[in-house]
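> fold the following, please.
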Amino acid sequence: MSKYTVFTLIFVLIGAAILYYTFVLYNAKLREIRNVDYEIQKQEEQLIGARILNREVKEVARLIEGNLAMSQSDSLVKERSLDFLKYLTPVLDKYNITLIAVEPNQSTRQTASDRFYRTTHDLHILCNYKQFGNFVAELERSERLTNIQKFDVLNSPYDFISPRKDRELDTYEMKLTISTLTLVKEDQSL
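Numbers count the residues shown, from 1 in each chain. Predicted structure coming up:
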């Protein structure tokens, strides 16, 4: 065999080895790496989802724990109403809302199957729409389970015809019925 034939044969064998490595071994490893990357990405997405759920569950557990009474005769039912009114005063001051009247009503249990007490408060306030929106947003962020059952804006065409000396034109009287809920751990019949 001549020197050139051996050199060509070695060159072809090296070329074939390089092609085999590139197309068979390298691509297989590349596919394996891509599959592992895909699995890692799926696991990271699941981890992020689990972290979000964990945070939400902790928030719900904190909310339930802060609004839980052990029994029907628990003083928490009565005290939570006072705590809510104490919470309400700085919120109204924060948004410069004038409180005209507040009337707390009695705590009532919805039905024997419901495990919560609803305490309603009738508020009569004086504010504009922006202040009212901020007030409602603040109530939503409250640690108490609150429900705005209804609100009425006491608008009258006479408010705009005759000048109001006691307040600005963009302030309105509003009546709200706000309920706070207290969960009861044990089931008591009425």
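
> name the helix or strand for the residue nearest the centre of the chain, please.
Central residue of the chain (C-alpha atoms, centre = their mean): residue 56, 7.7 Å from the mean position. Assigned by DSSP states H and E, residue 56 belongs to helix 27-66.

> buried set for that helix?
In terms of neighbour count (16 or more other C-beta atoms under 10 Å), helix 27-66 has its buried residues at residue 66. All C-beta spots, glycine's among them, are computed from the backbone N, C-alpha and C.

> any idea how far residue 22 is from residue 29?
The gap separating residue 22 from residue 29 is 11 Å, by C-beta to C-beta, to the nearest Å.

> and if you look at residue 181?
For residue 181 relative to residue 29 (C-beta to C-beta), the value is 60 Å.

> care to break the protein down by domain?
Split into domains by automatic domain parsing, the chain comes to 1-66, 70-184.

> do I have it right that residue 152 meets residue 174?
Yes - counting by C-beta atoms under 8 Å, residue 152 touches residue 174, with 6.7 Å between them.

> out of these two, which sits in the more crowded spot?
Ranked by neighbour count (other C-beta atoms under 10 Å), residue 152 and residue 174 place residue 174 first, with 22 against 11.

> got the buried residues for the one helix or strand the more buried one maps to?
Element membership for residue 174 (DSSP H and E) is strand 172-184. By 16+ other C-beta under 10 Å, the buried positions in strand 172-184 come out as 172, 173, 174, 176, 177, 178, 179, 180, 181, 182, 183, 184.

> could you find the closest non-adjacent residue to the first one?
Put plainly, it is residue 172. residue 153 (5.3 Å; C-beta to C-beta, 6 or more residues apart in numbering).

> thanks a lot, see you next time.
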